[in-house]
Every structure is written in structure tokens, then in C-alpha cells.
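S.K.: how would this look folded up:
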Amino acid sequence: MTDDSEELAAALQQLDAETAEGLQDLAENNPELLRETLSDLGYLPTVNQESQAAEKSVDLPDAQRRLADALQEMGSPRTAEEVVDLIRHEFPEIVDEFQSAKHRPWMSTQLNELVERGLIGRFRDGRTVRYTFEPTEAVRHWALHNNRFVEDLERGTAREIADDTGMPVRTVREAIDEITAESD
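M.R.: Here you go, the predicted structure:
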């Protein structure tokens, strides 16, 4: 039995029989969702955020690293097309080094990979996808566009936000934790 399995088994023993049975079924069908659920409910410890941050940036390709650095100055949320214009005008050295940076499809791919790593945020504004330098900002915008108060967001809404934005659940959860800590 692995440490993960032992940890899950110990957590399941803390639950009432009906809940444990439902979660056991979930364990067989979707173990990652079970881990998220137990973590949200406080039965499992959350992963160290410092190690997560280091994990996110490991093996980041040079183009994505340079793009992420440039996006720090991005300001307001922008579409992939707007990011291309920003890079073209404000960071021509990136376009000189990576000729594909002047094309929206390449930029969209790079931005989406940075979102998947949890390094930047993304949300929908109607049919338009906008990127933010901080995932926390994307969660704030998601709340605004979904008529929710940011202060009322809970870790339990992380999956809904992740499904709507395409950001990883863990990243959304961290953003909600950061927002909650700010409002305390």
C-alpha cells in the first residue's frame, strides 16, 4: 500500500458509514476528485504551496519564461491578440528571438501552457478569453462576471471555477485561499 493509499484509508475511517461508502465509490471512479474533496473538507492536509510554486516553474521553456516575465507588466486582463500586440511593441527582443511570438495561435498555445502550470490566470468575458498575470486576478474577474461576491468564494467552488476558466483546480484553490486571507 502506498503512502497515498494509507493516507486516504485513514481519512475514510474518520467519516460516517454513508459518507465513507459514497467516497469509496468515488475513489474507485475518480481518485483525484476524492483527494480534492477530502482536502476541501479538511480531512487531508494541503500540499506545501512553496513546493507547488517550485514545481510550476521547473523545466519552463525559455520562450514561456520570457513571456511570463514580460506579462508582469501586462496590467489589465488581455486577450491573446492583445498580448501579441503588447509583446510586439513593448518587448521586441522576444519577437526577435522567437519569431512565432507575433502570431496569435502560437501565443495562445504559450499562454494556455502557462495557465496549465498555474503561472498565469484565465477567464471568459462572454465569448472572449482573457489572460491575467495572476491567477487570483482571474478568479476575481470570474466572480464579477458570474455575479458572485469575491469575499463569498469558498474552496468548494474551486472545481466550478476551474471548469469555467480552464485553470487547474489546485491553482484556483490557492487563489481562493489568498483572497480569503486578504479579507480576514
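S.K.: the chain: strands as residue ranges?
M.R.: Counting by DSSP state E, the chain has strands at residues 121-125, 128-132.
S.K.: out of those, nearest to Ala138?
M.R.: strand 121-125 (2.6 Å; Cβ to Cβ). Every residue, glycine included, has its C-beta placed from N, CA and C.
S.K.: what angle separates the closest one from strand 128-132?
M.R.: With axes from the mean of the first three to the mean of the last three Cα atoms, to 10 degrees applied, the angle from strand 121-125 to strand 128-132 works out at 150 degrees.
S.K.: buried sites along strand 121-125?
M.R.: Under the neighbour-count criterion of 16 or more other Cβ atoms under 10 Å, strand 121-125 has 121-124 buried.
S.K.: then stretch 170-183?
M.R.: Quick answer for stretch 170-183 (16+ other Cβ under 10 Å): 170-177, 179.
S.K.: just these: which are in helices?
M.R.: 170-177, 179 (DSSP state H).
S.K.: quick one: which of those residues is nearest Ala143?
M.R.: Ile179 (8.8 Å).
S.K.: what residues does the closest residue to the closest one other than its chain neighbours make contact with?
M.R.: Closest residue to Ile179 apart from its sequence neighbours, by Cβ to Cβ, 6 or more residues apart in numbering: Val150 at 5.8 Å. Shown in contact with Val150 (Cβ atoms under 8 Å, 6 or more residues apart in numbering): 139-140, 143-144, 179, 183.
S.K.: how about those, which pair is most distant?
M.R.: Applying Cβ to Cβ across the contacts of Val150, the maximum distance is between Leu144 and Ser183, 15.4 Å.
S.K.: domain map for the chain?
M.R.: The chain breaks down by automatic domain parsing into domains covering 3-45, 50-183.
S.K.: ok, of those domains, where does mean pLDDT dip lowest?
M.R.: Per-segment mean pLDDT for the domains of the chain reaches its minimum on domain 3-45, at a mean of 71.
S.K.: can you tell me the closest non-neighbouring residue to Asn77?
M.R.: Wrong residue type there; residue 77 is Pro, not Asn. The nearest residue in space to Pro77 (Cβ to Cβ, 6+ apart) is Arg130, at 3.9 Å.
S.K.: and among the domains of the chain, the most buried is which?
M.R.: Stretch with highest mean neighbour count among the domains of the chain: domain 50-183 (a mean of 17; mean count of other Cβ atoms under 10 Å).
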